[in-house]
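Peer 1: Provide a 3D model corresponding to the input given below.
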Amino acid sequence: MTLAFTRHPDPKDYELRPRGAAPVHVRRGAPDGRPLPQGCKPRFTLAADPAGAEPLAVVVRTDGGRLAVLTPDHRHLAELRLPPRKKRWRPTYEIGLPDGTELRGREGTVPSLLLCLVLLPFVLLMLAAMALSDSPAGTTTAPLRTAWKRPGELFGRAALTETARGRFRARGDGLDHRVAYAQAVAKYWER
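Peer 2: Alright, predicted model coming up:
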């Protein structure tokens with residue numbers, strides 16, 4: 001079964017909203033009163049309730065500086081590798097699963113890059129109009145998708161995809177839903 005969800009970063013509450021299910025709440029740090037493994041620094045917790053009493057997964061920074069996705073009983077679900085901050089052109093986000101499977105997602109799939117090229121003249125016209133008007137310049141980004149696939153499978157099915165509008169879709173057989181939630185938050189969370 002395919003899992004589809006969107007992320008909603010509000011000033012008070014950061015949520016992931018799966019289609020047809022209860023929202024998943026994101027909280028800073030580890031759940032209250034729950035110890036973490038030695039050498040792990042808590043980053044954020046994915047919980048079924050806003051208070052964080054029912055954690056689904058905990059994301060921690062390990063000694064190597066990478067992010068590990070752990071179950072509440074500290075079983076290893078995945079390792080997330082984020083690109084360096086200075087990487088601007090097609091950053092690569094990686095997911096390492098415990099069975100040795102590697103998933104790699106690069107911003108900008110071929111169809112989204114082609115769409116960007118087709119829309120470029122219109123974007124340039126919009127930027128020129130904004131420069132001539134008194135409106136403040138907002139943050140405009142290219143309409144790019146990200147697809148997490150196994151390395152070397154250029155045309156294979158993606159285990160996790162993100163659309164240009166911020167919607168995520170994870171295939172049921174390819175990835176644990178908690179790992180998909182953690183990757184969606186880690187991609188945009190403050191480092």
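Peer 1: Show me what counts as buried in the longest helix anywhere in the chain.
Peer 2: Looking across the chain with DSSP state H, the single longest helix is helix 110-132. When burial is assessed from 16 or more other Cβ atoms under 10 Å, helix 110-132 yields the following buried residues: 112, 113, 115. No exception for glycine: its C-beta is placed from N, CA and C like everyone else's.
Peer 1: any idea where the strands of this structure begin and end?
Peer 2: Using DSSP state E, the strands of the chain run over 3-9, 14-18, 24-28, 41-47, 55-61, 67-70, 76-81, 92-96, 102-107, 146-149, 160-162, 167-170.
Peer 1: Relative to residue 129, which of the ones you listed is closest?
Peer 2: Within those, the stretch nearest residue 129 is strand 102-107; the backing value is 26.7 Å (Cβ to Cβ).
Peer 1: in its sheet, what does the closest one sit against?
Peer 2: Applying DSSP bridges, strand 102-107 is found paired with strand 92-96 (antiparallel), strand 146-149 (antiparallel).
Peer 1: Could I get those strands in JSON lines, plus columns for distance to residue 177, mean pLDDT and mean neighbour count?
Peer 2: Shown next, in JSON lines, are the strands paired with strand 102-107 (distance: least, Cβ to Cβ, whole Å; pLDDT from 0 to 100; neighbours: other Cβ atoms under 10 Å):
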{"stretch": "strand 92-96", "distance to residue 177": "13", "mean pLDDT": "86", "mean neighbour count": "20"}
{"stretch": "strand 146-149", "distance to residue 177": "14", "mean pLDDT": "85", "mean neighbour count": "23"}
